[in-house]
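Visitor: output the structure for:
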Amino acid sequence: MKKFNQNLFKVVNMLSDEKYISGTEMGKPLGLSRTAVWKIIKVLINYGIDIISDNKLGYKLNQKLILLDRNAIGQKINYNPIKLDIFESIDSTNEFLKTTYHQDYQNHICLSEHQSGGNARLNRSWDSPFGQNLYLSIKYHFKKDISAISGLSLISGLSIIRTLSHLNTSNKFKIKWPNDIYYEDKKISGILTEVIGESYGGCIAIIGIGLNVNMMKLSNENANNTNSWTSLKQISGVNFDRNEICASLINNIIRDIEKFNIMGLEHFLNEWNKHDYLAGKKITVTSHEKIIEGKYGGIDAQGNLLLKVDGNIITLYSGDTSIASI
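Guide: As a prediction, the model looks like this:
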């Protein structure tokens, strides 16, 4: 876990003009030597940031980079009290929130520019390059039993769809049960929800979200998956300010969680049906090491998947879904 280096943040801001600037010029307002600036540049390069170096002119970014800014995000969040932690690098935003407990905050939010051990469902890794995407987790305290909040991942998916729909990129985003957001058969976002029961009968939900924003290529170890994912920048050709997307996403998630807390999943079913990626498709579900094939029948009022197999309806509470090969 690495807290944000403010000098690194300031160096990136100077480089964001996309013009050459020398180490001496950057170091002067920061009270840093050229060597200290060079060390920060080296950290950024090690994170995979494309920085062009010229012995006479100095340094410049090959592509614009705007880092996560606590003030820019905090000013646009509509809910209080909220605790907001932003890290330069962390193993996992979900894992961090599991180790914290703040009774004064209904919502504890963790963001990081980079994750070294980001996870998706079923212990899969989530590619987490520095400064390109959003890696966000929200911890919310429910005064309900765990069984009463089934379907929470589905609600979070709708929150993401609502956020993306206001970016003027596309209206083709869909949700694949139970926790993925797709654009034209390519994954753009994933959700990992973990629920922890408490002794007094309530529970804590940690909703982790990975959203591909400005990423244009995968890290080398994941290069064989190039056809299975996309990002907002790949879709639109535009570089996005992640701070604006982040604030909007937080507002949508908290609002939807509060509605869900009062009205349950049924309130959202019509909206879910409009964005259901699997609707009308023949699918394969892998659940508890069993593979079941059938026709997708939607979801029930608890968010469980309904699968039509040989004239019967099977209810599945968890699993991994894919479109069946023809």
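Visitor: helices or strands up against the lowest-mean-pLDDT helix or strand in the chain?
Guide: Every helix and strand of the chain was ranked by mean pLDDT, DSSP states H and E. The lowest is strand 2-3, at a mean of 82. Here strand 2-3 touches strand 82-89, going by 3 or more CB pairs under 8 Å, 6 or more residues apart in numbering; DSSP states H and E. All C-beta spots, glycine's among them, are computed from the backbone N, C-alpha and C.
Visitor: what sits closest to Asp310 if chain neighbours are left out?
Guide: Gly294 (7.9 Å; CB to CB, 6 or more residues apart in numbering).
Visitor: tell me what the next helix or strand after the least confident helix or strand of the chain is packed against?
Guide: For strand 2-3, the following helix or strand on the C-terminal side (DSSP states H and E) is helix 6-15. Contacts defined by 3+ CB pairs under 8 Å, 6+ apart place helix 6-15 against helix 23-30, helix 34-46, strand 58-61.
Visitor: report the buried residues of the first one.
Guide: Same thing as helix 23-30. 23, 26-27 (16 or more other CB atoms under 10 Å).
Visitor: got a list of contacts for that helix?
Guide: With contact meaning CB atoms under 8 Å, 6 or more residues apart in numbering, helix 23-30 is reached by 7, 10-11, 14-15, 32-34, 36-38, 41, 58-59.
Visitor: residues of the longest strand along the chain that come out buried?
Guide: Counting by DSSP state E, the longest strand found in the chain is strand 186-197. For strand 186-197, the neighbour count (16+ other CB under 10 Å) marks 187-195 as buried.
Visitor: determine the longest helix present in this protein.
Guide: helix 242-263 (DSSP state H).
Visitor: residues near Leu306, how many?
Guide: Leu306: 16 surrounding residues under other CB atoms under 10 Å.
Visitor: pretty sure it contacts Gly298?
Guide: Yes. Assessed by CB atoms under 8 Å, Leu306 is found in contact with Gly298 at 5.5 Å.
Visitor: please identify the buried residues of stretch 240-249?
Guide: Neighbour count says stretch 240-249 has 240, 242-249 buried, by 16+ other CB under 10 Å.
Visitor: look up how far Glu266 lies from Ser92.
Guide: Separation of Ser92 from Glu266 (CB to CB, to the nearest Å) stands at 32 Å.
Visitor: looking at the buried residues of helix 23-30, which is nearest Lys83?
Guide: Using CB to CB, Met26 is the member of those that sits closest to Lys83, with 32.2 Å.
Visitor: read off the pLDDT value for that closest one.
Guide: As predicted, Met26 sits at a pLDDT of 96.
Visitor: tell me which residues are up against the least confident helix or strand of the chain.
Guide: Contacts to strand 2-3, defined as CB under 8 Å, 6+ apart, come from residues 87-90.
Visitor: cool, and stretch 233-252?
Guide: Residues outside stretch 233-252 that contact it (CB under 8 Å, 6+ apart) are 63-64, 66, 68-69, 72-73, 75-79, 109, 111, 133-134, 136, 138, 159-160, 162-163, 166-167, 169-170, 183, 188, 209, 211, 213-216, 232.
Visitor: show me which of those residues are buried.
Guide: Using 16+ other CB under 10 Å as the burial test, the contacts of stretch 233-252 include 66, 68-69, 72-73, 77, 109, 111, 133-134, 136, 138, 159-160, 162-163, 167, 169, 183, 188, 209, 211, 213-215, 232 as buried.
Visitor: quick one: which of the residues you listed sit in helices?
Guide: Of those, the ones assigned to helices by DSSP H are 72-73, 159-160, 162-163, 232.
Visitor: now, which of those residues sits nearest Met1?
Guide: Closest approach between these and Met1, by CB to CB: Ile73, at 19.5 Å.
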